[in-house]
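>>> Predicted model follows, preceded by the sequence.
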Amino acid sequence: MFSVEARRFGKIRRKKPVVATAVLLAPLAMVAPASAQQAKPIDVPLLVTYGADAPTREGDPTHRQIIYIELPDTLEDRVYLRLFDPESGGDHDLLYGPANSETRFALYGGDGAFAGDRTIGDNGEPVEITGGTLLSEKTYTDDARTDGQWTTMALFSPSEGEKRGDKRIFRLNVEGTSGNDGNLYGVAISLRDRRAVPPDGVKLFSYAPTIRVPNKTTLTELRFQVPDQKTELSIDNFDAAYGKLNLTTAFRSVPLKPSGQDQWRSETVKPVARRAGPAGGDHPAGRVGNAE
Ligand SMILES: [Ca+2]
Ligand SMILES: [Ca+2]
C-alpha cells in the first residue's frame, strides 16, 4: 500500500525544475489514495498527465495514468467518481503557451478491468490496456467551470466492477490525448455527489504513478506496503533529474540514484535488514521521497 503526499521539506537548492516524475515500484502491489481520498480538501493536486504532444523530458513517459479503484464486494451503495481540476487551464496546471490540451478519463469495470502492473513494455513504450467494459468516459479541456473545482464524472454500482475475491475492481485510464500541457488533477470516490464521503474500504492504487514535485521546498512521498517475504525491492524512476530520492523505512533511509533527464533508472535495494527476536522480520512499510 502506498499513498502520495507532499509536504514542506525545507530549503533545497534547485538547479532545474522537476515538474513531474514517474516512479515504478515493481513487482509490488501498491495501494494509493490517488489524491485527496481523505475528507479534507486538497491544496494542490499531485497527479499529472501530459498531453500527447509534450516531450517525455517533461517527466511523463507515457502521457497516461492507470488508476485502480477497489471497493468491498459487500458495498451496496452506488458511488461517485469525483475529479478535481480535470481540465488543463487556469490554476494548478502547467501550461506551455495557450491551454490547448485535452485529457480523456475513461472508467472501466467488468471482467478484464484489472490489468495488473503492465504499464511499460520492454521497448519503453506504454503497453496498450484495453480490457474490461467501458462504463463512462469524458474528455476535459480548458474550462473555467472545472478549474480548481471538484466535479462528478460518473455514478456507478460496485457490482459493475471486476470481482476479485471479496473486492470489486475498476480501472480509470487517464490519457493526455492532445496538446502539450501538464494536467494536474485529483481523483476520489465518494458516497455523495458534492462532498467527500469515502466509503469504508475504498482504495485507489497505481503501479506506476506519475506525480508532481510541486516546488523546491516540498517533499513528495510515495508510501507503500512491502508484501510479506519480500527482501528486495526493485524501484524504477523516470526523469527525477536534479532531484533527491530516498527510500525510508522504520529502520533506515537509503539514498536512491535519481534518474537523469528523460531517462529511466532502476535500482534494487533491500528495504530493511532482518532483525532477530520476536519483533524480527521485515518491516512492512517504506516510502520513497522525492524532492527537487
Ligand atoms: Ca486548472
Ligand atoms: Ca488540471
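Nice, thanks for sending it over. Ligands and ions are numbered 1, 2, ... in the order given.

>>> switch to C-alpha atoms for all contacts and neighbour counts from now on
Noted.

>>> tell me the contacts of I129?
A115 (CA atoms under 8 Å, 6 or more residues apart in numbering).

>>> isn't there a strand covering it?
No: secondary structure of I129 (DSSP: H, G, I helix; E, B strand; the rest coil): coil, not part of a strand.

>>> what about the residue of the stretch 101-250 of the chain found nearest ligand 1, neighbour count?
For the stretch 101-250 of the chain, the residue closest to ligand 1 is D147, as judged by CA to the ion, at 4.2 Å. Around D147 sit 20 other residues, with neighbours defined as other CA atoms under 10 Å.

>>> Write out the residues of the stretch 151-292 of the chain neighbouring ligand 2.
183-185 (CA under 5 Å from the ion).

>>> Among these, which ones are in strands?
Using DSSP state E, 183-185 are the members of these that sit in strands.

>>> Tell me if stretch 98-116 is near ligand 1.
No: Stretch 98-116 does not reach ligand 1 (CA under 5 Å from the ion); its nearest approach is 9.8 Å.

>>> how about that stretch as CSV, C-alpha atoms only?
Provided in CSV are the C-alpha atoms of stretch 98-116 (Å, rounded to 0.1, in the frame of the first residue of the first chain):
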residue,chain,number,x,y,z
PRO,A,98,-2.2,28.8,-24.6
ALA,A,99,-4.1,26.0,-22.9
ASN,A,100,-4.5,23.5,-25.7
SER,A,101,-4.7,20.1,-24.2
GLU,A,102,-7.3,17.5,-23.9
THR,A,103,-7.4,14.8,-21.2
ARG,A,104,-9.6,11.8,-21.5
PHE,A,105,-10.8,10.0,-18.4
ALA,A,106,-12.3,6.5,-19.0
LEU,A,107,-13.7,4.3,-16.3
TYR,A,108,-13.7,0.5,-16.9
GLY,A,109,-15.5,-2.3,-15.0
GLY,A,110,-16.4,-5.9,-15.6
ASP,A,111,-14.0,-8.8,-16.4
GLY,A,112,-10.6,-7.6,-17.6
ALA,A,113,-10.8,-4.2,-15.8
PHE,A,114,-7.9,-5.3,-13.7
ALA,A,115,-4.8,-5.4,-15.9
GLY,A,116,-2.2,-5.9,-13.2
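
>>> what ranges of the stretch 51-200 of the chain fall below the confidence cut-off?
Where the stretch 51-200 of the chain drops to pLDDT under 70, the residues are 124.

>>> Kindly recompute the last result at 80.
Filtered on pLDDT under 80, the stretch 51-200 of the chain yields the residue ranges 117-126.

>>> out of everything not next to it in sequence, what's closest to R192?
Leaving aside its sequence neighbours, R192 sits nearest to Y80 (CA to CA, 6 or more residues apart in numbering; 6.6 Å).

>>> Name all residues that make contact with the spatially closest residue to R57 that is not a sequence neighbour.
Counting by CA to CA, 6+ apart, R57 lies nearest to D262, which is 4.3 Å off, once chain neighbours are set aside. Counting by CA under 8 Å, 6+ apart, D262 makes contact with 56-59, 61, 238-239.

>>> ranking those by neighbours, who comes first?
G59 (29 neighbours).

>>> That residue touches S259, doesn't it?
No: the pair G59 / S259 is not scored as a contact, 10.5 Å apart, by CA atoms under 8 Å.

>>> quick one: L81 from ligand 1, how far?
For L81, the distance to ligand 1 equals 18 Å [CA to the ion, to the nearest Å].

>>> try H63
17 Å.

>>> Tell me the spacing between that residue and T119.
Going from H63 to T119 by CA to CA, to the nearest Å gives 11 Å.

>>> now do K216
Taking CA to CA, one finds K216 at 29 Å from T119.

>>> Residue numbers of the chain in contact with ligand 1?
Near ligand 1, when you scan the chain using CA under 5 Å from the ion, you find 89-91, 147.

>>> Now the buried members of the residues you listed.
89-90, 147 (16 or more other CA atoms under 10 Å).

>>> buried ones in the helix or strand where K163 lies?
K163 is part of strand 162-164 when elements are defined by DSSP states H and E. Using 16+ other CA under 10 Å as the test for burial, strand 162-164 gives 162-163.
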